[in-house]
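Enquirer: the sequence and its predicted three-dimensional model are supplied below.
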Amino acid sequence: MRLDLINPSNPLVSIVRVKESRWNRYRVWKPLSLMVLAGLTPPEWEITIVDENLGVPDYQAMPRPDLVGITAFTSQANRAYEVAAHFRRLGVPVVMGGIHATMCLDEVMERVDSAVTGEAESVWPQVLADARNRCLKRRYDGGFAEIDSIPPARHDLLASGYAMGAIQTTRGCPMNCTFCSVTAFNGARYRQRPIPDVVREFQLIREKRVLVVDDNLIGTRPEHIARAKDLFRAMARANLRKEWVAQATINFGDDEELLALAAKAGCKGVFIGFESPTPEGLLELGKKFNLLKGRDFRASVRRIQRHNILVVGSFIIGLDSDKPGIGKRTAAAATQYGVDTLNAMFLTPLPGTRLWEQMKSERRLALDKFPEDWKYFTLTFPVARYKHLPLDTIIEEMTTCDREFYSMRRVLRRVWDNFWRHRGPLISLVGNLSYRSNLRLNYKVYEDFKCQQRKRHC
Ligand code: B12
Ligand code: SF4
C-alpha cells in the first residue's frame, strides 16, 4: 500500500520564496505533522512525504498512491484543495487533517473524501485500516492525544533540503490569547511529553540545528518551568550536540538557572511574542504575561542574550488601539528591547480564534471570499478592517516598521554586536538578511494586493 503525505505550498508565504532570496533557504522548516503521521503508520505502508515548499513535483510522474493525506494551515487551504482535486480525479481517496480541517470542517469535507479533526494519534491507524478496507468514514475526530503515547516522528524521511530538523515536546496552552489558535486547537491543558521520549527523539534527528515547535517551551506555572529545567538537564547529560531554537514567553528571561540550563542543552535562539509596544494593545490581545507590573523587557532580553541565546521579537500591527505612527513605535520598541530580529505581522483573524468571532460579528473581515481568500491569511496581508488604519495606512505602517528596524545601519550594528560577543553571529546575519531581503519582495506583493483590493471594490 502506497501513502503520499503532502504539505501544500503557498507562494504568497515569503519565507518559502527561496528563488527570490537565497537567505530564505534557511527558514524553510520541515512539516513535522506529516513526519508524526508517518511515525504512526504501520510498516506495510510505503510512505512518500512531499513538501511543496521545496518544489511542486510532477504528480503524474510519481507512482499512483492508494491514499493521499494532506495537511494544511489555513493559508495553505486553497492549494490543498487543488492537490486533493487532482488525486480525486484519478480515483485516489484523499484525507485531510490539521488545523484548517479542524476549524473549517464543512468547507474541507466538501472537497476531500475524509477529514480528520484534532490531533491524529488516536485515529490515524484506524483511518489507514479503513482506507485499506475501502470503507473510509467521512470524518474522524482525534481530540487531544495522550501525550505519553506519541511515537517518535520519522526523521529519516525528508532527509535533505532543510537547514533544520524539528521536534515537539509539549502541546496546549491555557492563555487563549485572542488572536491565537493554539488553545482552541491543542486545548488549554499544557501537556508535556515524557523527558526520555524527547531525548530519544532528539537523538534520531540528523540535522545539527533543530526547531522545537512548542508554542511555549517553558509553560506557565512553576511546575512547568521545573520540567523544562529537567528536560534541559537530560538533554545536556545525553550530550546531544544539537543547536536549537524555541518559542517561549518573556518569562524565559526571569530565571537565571533556566537560562543557564537551556544554553547548556544547546539553546541558541528564542522566539518571543511581545505583540504590542503599548499596554492598551497587550490588554486588547489578552497577553497577560507581558503586562506584569515592573516588567523590564530590555533587561529580560539582555539576560537571555548573556547566555548566548538570540531573541526574535514578534509584534502585531493593526490592533484597535493602534493609530498612525504604530509602525515607527513598534520598530523603536523592538530596538529599545534589544531584540536580534523583529517579526512584525498584521493582526489576522484566524478561524477558531476569539478574534475571528469578534471580527466576523462586527463584519470586519475585509477578505471573505472563501476558500479563495485563505491564501492571504499568512499574517503578512491586512485581511481585516482595522479601526484607525485603512488599507494604505496599515501597509505604510508595516513598511515603515520593517524599514526602520532593518535599515542596513541597524542590521550591521546588531550583527557586529553579536560577532563581538560571540553570540551566534552567523544565525544573526542570516536572520537579519533574510528579513531585509524580504522587504524588497514585500513592496511588490503589497502593491499587487492593493491593486487587487481596489479592483474588487470597483
Ligand atoms: C512550527 C510552526 C510553523 C512552522 C511550519 C513548519 C511546517 N512546515 O509545518 C513555520 C514557522 C514555517 C510556520 C509558518 C506559519 N505559521 Co505556523 N505554526 C507552527 C506551530 C508552532 C507548530 C506546528 C507543528 O509543527 N506542530 C506539531 C505537529 C505534530 O502538530 P500539528 O501540525 O497540529 O499536526 C497534528 C494534527 O494537526 C494532525 N494533522 C496535521 N496534519 C494532518 C494531516 C492529516 C492527513 C491528518 C490525518 C492529520 C493531520 O495530526 C498531527 C499529529 O497530531 C503551530 C502552532 C501549533 N501548536 O500547531 C503554528 C501555527 C500552525 N502556525 C500558524 C500560522 C498562522 C502560520 C503562518 C501562516 C504565519 C506565520 N508567519 O507564522 C505561517 C504559514 C506557513 C505556510 N506554509 O503557509 C497558526 C495557524 C492557524 C491557522 N488556522 O492556520 C498556528 C496554529 C499558530 C497560531 N498562533 O495560531 N509555522
Ligand atoms: S500566543 Fe502564546 S501564550 Fe497566547 S495562547 Fe498562543 S501559544 Fe498561548
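Expert: Cool, the structure landed. Residues are numbered from 1 along each chain as shown. Ligands and ions are numbered 1, 2, ... in the order given.

Enquirer: tell me the contacts of the residue of the stretch 1-150 of the chain at minimum distance from ligand 1?
Expert: Per Cβ to the nearest ligand atom, residue 97 is where the stretch 1-150 of the chain lies closest to ligand 1, at 2.3 Å. Any C-beta I mention is one placed from the backbone N, CA and C, and that applies to glycine too. Shown in contact with residue 97 (Cβ atoms under 8 Å, 6 or more residues apart in numbering): 33, 37, 69, 70, 71, 115, 116, 117, 120, 142.

Enquirer: can you give me the pLDDT of residue 418?
Expert: At residue 418, the model reports a pLDDT of 82.

Enquirer: for it, helix, strand, or coil?
Expert: Three-state assignment for residue 418 (DSSP: H, G, I helix; E, B strand; the rest coil): helix.

Enquirer: how many neighbours does residue 333 have?
Expert: Neighbour count of residue 333, defined by other Cβ atoms under 10 Å: 21.

Enquirer: can you count the residues close to the nearest residue to it once chain neighbours are set aside?
Expert: Of all residues not flanking residue 333 in the chain, residue 277 sits nearest, at 3.5 Å (Cβ to Cβ, 6 or more residues apart in numbering). Residues within reach of residue 277, counting by other Cβ under 10 Å, total 19.

Enquirer: what's the answer for residue 408, then?
Expert: Using other Cβ under 10 Å, residue 408 has 9 neighbouring residues.

Enquirer: quick one: low-confidence parts of the protein?
Expert: Where the chain drops to pLDDT under 70, the residues are 14-27.

Enquirer: quick one: distance of the lengthiest helix in it to the chain centre.
Expert: Secondary structure assigned by DSSP state H gives helix 425-456 as the longest helix of the chain. Here the centre of helix 425-456 is set off from its chain's centre by 18 Å, with Cα atoms, centre = their mean, to the nearest Å.

Enquirer: just the contacts of residue 97: which are in strands?
Expert: Among the contacts of residue 97, DSSP state E puts 69, 70, 71, 115, 116, 117 in strands.

Enquirer: can you put those in JSON lines and add distance to ligand 2?
Expert: Converted to JSON lines, those look like this (distance: Cβ to the nearest ligand atom, whole Å):
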{"residue": "69", "distance to ligand 2": "26"}
{"residue": "70", "distance to ligand 2": "25"}
{"residue": "71", "distance to ligand 2": "19"}
{"residue": "115", "distance to ligand 2": "24"}
{"residue": "116", "distance to ligand 2": "22"}
{"residue": "117", "distance to ligand 2": "19"}
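
Enquirer: for residue 313, helix, strand, or coil?
Expert: strand.

Enquirer: return the set of residues that bridge with the residue of the stretch 1-150 of the chain closest to ligand 1.
Expert: Per DSSP bridges, the residues bridged to residue 97 are residue 71, residue 116.

Enquirer: just to revisit the earlier point, for the longest helix of the chain, packing partners?
Expert: Here helix 425-456 touches strand 310-317, strand 341-346, helix 391-405, helix 408-420, going by 3 or more Cβ pairs under 8 Å, 6 or more residues apart in numbering; DSSP states H and E.

Enquirer: can you redo those as CSV with distance to residue 247?
Expert: Formatted as CSV, the helices and strands packed on helix 425-456 follow (distance: least, Cβ to Cβ, whole Å):
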stretch, distance to residue 247
strand 310-317, 9
strand 341-346, 11
helix 391-405, 20
helix 408-420, 20
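
Enquirer: most packed of these?
Expert: Highest mean neighbour count among the helices and strands packed on helix 425-456 (mean count of other Cβ atoms under 10 Å): strand 310-317, with a mean of 23.

Enquirer: just after that one, pick out the following helix or strand.
Expert: With elements assigned by DSSP states H and E, the helix or strand that comes after strand 310-317 is helix 326-337.

Enquirer: if we can go back for a sec, nearest to ligand 2 among the helices and strands packed on helix 425-456 would be which one?
Expert: strand 310-317 (9.1 Å).

Enquirer: who are the packing partners of the closest one?
Expert: The contact analysis (3+ Cβ pairs under 8 Å, 6+ apart) places strand 310-317 against strand 267-275, helix 297-305, helix 326-337, strand 341-346, helix 391-405, helix 425-456.

Enquirer: 10 Å - rerun?
Expert: Applying 3 or more Cβ pairs under 10 Å, 6 or more residues apart in numbering; DSSP states H and E, one finds that strand 310-317 contacts strand 243-248, strand 267-275, helix 279-285, helix 297-305, helix 326-337, strand 341-346, helix 391-405, helix 425-456.

Enquirer: next, the angle from the last one to strand 267-275.
Expert: Compare the direction of helix 425-456 with that of strand 267-275 by axes from the mean of the first three to the mean of the last three Cα atoms, to 10 degrees and you get 30 degrees.

Enquirer: buried residues, helix 425-456. List them.
Expert: Neighbour-count burial for helix 425-456 flags 425, 427-438, 442, 445-446, 449, 453 (criterion: 16 or more other Cβ atoms under 10 Å).

Enquirer: likewise for stretch 192-203?
Expert: 192, 193, 195, 197, 198, 199, 201, 202.

Enquirer: and stretch 241-260, by the same measure?
Expert: Neighbour-count burial for stretch 241-260 flags 242-255, 258-259 (criterion: 16+ other Cβ under 10 Å).

Enquirer: among these, which one sits closest to ligand 1?
Expert: Closest to ligand 1, out of all of those and judged by Cβ to the nearest ligand atom, is residue 247, at 6.5 Å.

Enquirer: what's the spacing between that closest one and ligand 2?
Expert: 8 Å (Cβ to the nearest ligand atom, to the nearest Å).

Enquirer: residue 46: what's it in contact with?
Expert: By Cβ atoms under 10 Å, 6 or more residues apart in numbering, the residues touching residue 46 are 1, 2, 3, 4, 63, 65, 66.
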